[in-house]
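J.: Fold the following.
(chains A, B, C, D, E and F)
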Number of protein chains: 4
Amino acid sequence: MTQSTPAAPVPNRRDRILDAALDVVSEQGAIRVTYRKIAAAAGVPLGSVTYYFDDLHQLLTEAYTRLAEAVSQRYRDLLDAARTSEEAQEAVVDIVCGEAWSSERDPLLTYELYAFAARNPELRTVMSNWLQSSREALARHFDPLTARALDALVEGFALHNYFDASPTSRADIAAIVRTVAERHKHPEPHP
Amino acid sequence: MTQSTPAAPVPNRRDRILDAALDVVSEQGAIRVTYRKIAAAAGVPLGSVTYYFDDLHQLLTEAYTRLAEAVSQRYRDLLDAARTSEEAQEAVVDIVCGEAWSSERDPLLTYELYAFAARNPELRTVMSNWLQSSREALARHFDPLTARALDALVEGFALHNYFDASPTSRADIAAIVRTVAERHKHPEPHP
Amino acid sequence: MTQSTPAAPVPNRRDRILDAALDVVSEQGAIRVTYRKIAAAAGVPLGSVTYYFDDLHQLLTEAYTRLAEAVSQRYRDLLDAARTSEEAQEAVVDIVCGEAWSSERDPLLTYELYAFAARNPELRTVMSNWLQSSREALARHFDPLTARALDALVEGFALHNYFDASPTSRADIAAIVRTVAERHKHPEPHP
Amino acid sequence: MTQSTPAAPVPNRRDRILDAALDVVSEQGAIRVTYRKIAAAAGVPLGSVTYYFDDLHQLLTEAYTRLAEAVSQRYRDLLDAARTSEEAQEAVVDIVCGEAWSSERDPLLTYELYAFAARNPELRTVMSNWLQSSREALARHFDPLTARALDALVEGFALHNYFDASPTSRADIAAIVRTVAERHKHPEPHP
DNA sequence: CATGAATGAGAATTCATTCAT
DNA sequence: GATGAATGAATTCTCATTCAT
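T.: The predicted model follows:
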């Protein structure tokens, strides 16, 4: 009840800061991220941020890694819940349509992540793991190449719809997904 | 005359600066772009950059717009050159495999562009136009939904292969492209 | 004169900053030197100091170099003014007793300079030139080895007297200087 | 007993810290010394350094004092070991040539010490004691003024040779030392 | 006794921007 | 029109120092 409660044993202060960093990125863009803004968003003193993270780059690397792993996990969960190929297709369409995002900010953050990862070896590894994990999840329902194709479709449709003034409808996406998912059910025209 | 050459009218100084800006973005990332670095990369004095561009944000918007239009144009050119559906499929695979990039830095810059565009209305419009232009180019060879599907596939495979430690081979991509491109040649199992 | 003095109303701003840096070093010690203090001492805005000097280390290197050259010049001047060996000896004693300092702060700054130079290749060169220059000035009056000896004596006595609670008197120093200066006037005991 | 070894009483942790401080000074310069670096160099936690030393300035004062006393002691030992004037001269030359340093870093640290002492009363006393101790050691072999002269010579030659691109050879130093040491063996030209 | 956590203050440095020429 | 000089405002990051344990 006195003036200052110094050194309060905040439990997940480090994690709070990482989350706050993503908040700032999503609200202002990676270009505008600063220690100060992260500290303010996390509700901790500036010195606290620099105490936990030696440099901003490392902080962002960790934050994006957490993001990638969370989205990746949700993606897997959705696919793992599918019992039949049809349910798996449904899950794929859900993912394209945003079901793998846990919040509004996620797609935007993902594009920031791609830009960041393009120049950051540590995050390239994370991205590569994410890709592999997605494929494995898909490969429980589809053959390996089909899994890759569906993964690419998901990525492309999600991205395009995010920017598209006239996005592709869910029904149309479902039709395309079916075409790819069931491509082996009919003989290929040319081998 | 010999004394002083009074500021030779440099022709495309403005364009040089825009290109230099993309060079800086590709080398250091959008987070690190500054007037000074752009000036250095363009080989012009700092005052020159601020003279031509009042605002760094506007400079980047112009630079990314040029990039988007250049890549988009190249994409259309590749598709327009195709005479048959098979050639068009080939062009699609070429694009995935990097033929639409005019330089090494382009894919990386594209991901920076997405992040930038996600928060910039002016560039969202550019992106949307790009999408529309791509589809129109594809629609000369495929039906509208197939065009969208192929466009998404291109985007997804290009992006995934950029980050993937074990990228999908050209032959595999070609197989998927064929499946999608020729999806109407056989009766669908279920409507 | 007629050329053009573009936007430089302040004549020697750069030099003013270098002098101010030495003022701060002499008043607070090298450990406490900061851009801010230098700016305050020079009466210029902080941004001005960083405009002229990219980093503090380079600023100090320049400042110390100027100091070394100024003291060295004064040393030479005193010796060059001597017409006879006796006058040269007198000059040497003067130097020990502080005549080569242009201000109170100089000896103190010199010891800061030594510490700084010990770890700075650029200043080691400056120091080495200073030594050579001193010797050449002395060598106009004495043989080369005697010049070195006198130079060492000057350094040692100046330094010791600076710290000594009971410094060596001018007369005693003069006696020693004479011994060394005239060491060839009598046969050496052993060759 | 097997459970926990309750903080083994580290014997000379305090001394370890003092030595580490000098290591940091010699490696990075006094300007860059910090508690953190000292802690790292000593291999102790940061809190340990601030626990033993309330004040960085005091820590450095103690460290430099130890250094001064160690060098001074070694200086005396070398001179005390001399049995004849010739041996004492030899010892003096040894000292100039670095025999009094117990490590490579010592000369460098000595110049940092001078800079530090110039502004620190406590260390001025240490320096003054060192000077007196040197003279007493020399005075066992030479008359008082000669002792002072030799002490100054040692200082000057050591310092100059440390910075000199073409240092004075041991033989030349020995010749000068002899001149000074034996200055009373022949009648002075002028009294 | 000893130390890890935490933080406020201040450091160097960078930079967009302004302005006189 | 074009540019070098200049500066105020941030920014990242370092650090001494303070506590709770």
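J.: Skipping adjacent residues, who's closest to A:Arg178 in space?
T.: A:Gln89 (6.1 Å; C-beta to C-beta, 6 or more residues apart in numbering or on different chains). To be clear about C-beta, it is placed using only N, CA and C from the backbone, and glycine gets the same treatment.
J.: ok, now A:Ser133?
T.: A:Ser72 (5.3 Å).
J.: hmm, back to that, and the next helix or strand past the helix or strand the residue nearest to A:Arg178 falls within?
T.: Assigned by DSSP states H and E, A:Gln89 falls within helix A:85-96. For helix A:85-96, the following helix or strand on the C-terminal side (DSSP H and E) is helix A:105-117.
J.: Now tell me what touches that next one from outside.
T.: Helix A:105-117 is contacted from outside by A:22-23, A:25-27, A:29-30, A:60-61, A:64, A:67-68, A:71, A:98, A:100-101, A:123-124, A:126-127, A:158-159, A:162, B:29-30, B:111-112, B:114-115, B:118-119, B:159, B:163, using C-beta atoms under 8 Å, 6 or more residues apart in numbering or on different chains.
J.: Just the local confidence number for the residue nearest to A:Ser133, please.
T.: For A:Ser72, the pLDDT comes out at 94.
J.: where does A:Arg83 land in three-state SS?
T.: Here A:Arg83 is recorded as coil under DSSP: H, G, I helix; E, B strand; the rest coil.
J.: That one: neighbouring residues, count only.
T.: 9 (other C-beta atoms under 10 Å in any protein chain shown).
J.: which residues does it contact?
T.: A:Arg83 neighbours (C-beta under 8 Å, 6+ apart): none.
J.: follow-up on the earlier one: contacting residues around the residue nearest to A:Arg178?
T.: A:Gln89 neighbours (C-beta under 8 Å, 6+ apart): A:174, A:177-178, A:181.
J.: Please indicate which of those are buried?
T.: Buried members of these, counted by 16 or more other C-beta atoms under 10 Å in any protein chain shown: A:174, A:177-178, A:181.
J.: element containing the residue nearest to A:Ser133, please.
T.: Residue-wise, A:Ser72 maps onto helix A:56-80 under DSSP H and E.
J.: any residue of that helix up close to DNA strand F?
T.: Yes: applying C-beta under 7 Å from any atom of the strand, one finds helix A:56-80 in contact with DNA strand F at A:56-57.
J.: Same question for that helix: list its buried residues.
T.: Quick answer for helix A:56-80 (16+ other C-beta under 10 Å): A:56, A:59-68, A:71-72, A:74-76, A:78-79.
J.: Check stretch A:32-50 too.
T.: A:33, A:35, A:37-39, A:41-42, A:44, A:48-49.
J.: Next: stretch A:105-123.
T.: Under 16+ other C-beta under 10 Å, the buried positions of stretch A:105-123 are A:105-120, A:123.
J.: Which residue lies closest in space to the most centrally placed residue in chain A, excluding its sequence neighbours?
T.: Centroid check for chain A by C-alpha atoms, centre = their mean gives A:Val71 as the closest residue, at 3.9 Å. Leaving aside its sequence neighbours, A:Val71 sits nearest to A:Ala100 (C-beta to C-beta, 6+ apart; 6.0 Å).
J.: where's that neighbour relative to D:Phe163, distance?
T.: 67 Å (C-beta to C-beta, to the nearest Å).
J.: Give me the more crowded residue out of those two.
T.: A:Ala100 (25 against 20).
J.: Need the pLDDT of that one.
T.: So, for A:Ala100, pLDDT stands at 82.
J.: Can you tell me how far the closest residue to A:Arg74 other than its chain neighbours is from DNA strand E?
T.: In this structure, A:Arg74 finds its nearest non-sequential neighbour in A:Ala100, 4.8 Å apart by C-beta to C-beta, 6+ apart. Between A:Ala100 and DNA strand E the computed distance is 33 Å (C-beta to the nearest atom of the strand, to the nearest Å).
J.: Pick out the residue of chain A closest to chain C.
T.: For chain A, the residue closest to chain C is A:Asp55, as judged by C-beta to the nearest C-beta, at 19.1 Å.
J.: and that residue, how many neighbours?
T.: The burial count for A:Asp55: 10, using other C-beta under 10 Å.
J.: again, but for A:Glu86
T.: Neighbour tally, A:Glu86, other C-beta under 10 Å: 14.
J.: From DNA strand E, how far off is it?
T.: 50 Å.
J.: for A:Tyr162, same thing?
T.: With distances taken as C-beta to the nearest atom of the strand, A:Tyr162 is found 28 Å from DNA strand E.
J.: Return the residues in contact with that residue.
T.: Here A:Tyr162 is in contact with A:107, A:111, B:118 (C-beta under 8 Å, 6+ apart).
J.: so can I have CSV of these showing pLDDT?
T.: Output for the contacts of A:Tyr162, formatted as CSV (pLDDT from 0 to 100):
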residue, pLDDT
A:Pro107, 91
A:Tyr111, 95
B:Ala118, 93
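J.: Tell me the one of those residues nearest chain D?
T.: Looking across the contacts of A:Tyr162 and measuring by C-beta to the nearest C-beta, the closest to chain D is A:Tyr111, at 38.6 Å.
J.: Could you chop chain A up by domain?
T.: What automatic domain parsing lists as the domains of chain A is A:11-54, A:68-185.
J.: quick one, which of the ones you listed is nearest to D:Ala149?
T.: D:Ala149 lies closest, by C-beta to C-beta, to one member of the domains of chain A: domain A:11-54, at 54.7 Å.
J.: so does that closest one get close to chain D?
T.: No: Domain A:11-54 stays clear of chain D (C-beta under 8 Å from any C-beta of the partner chain), getting no nearer than 11.9 Å.
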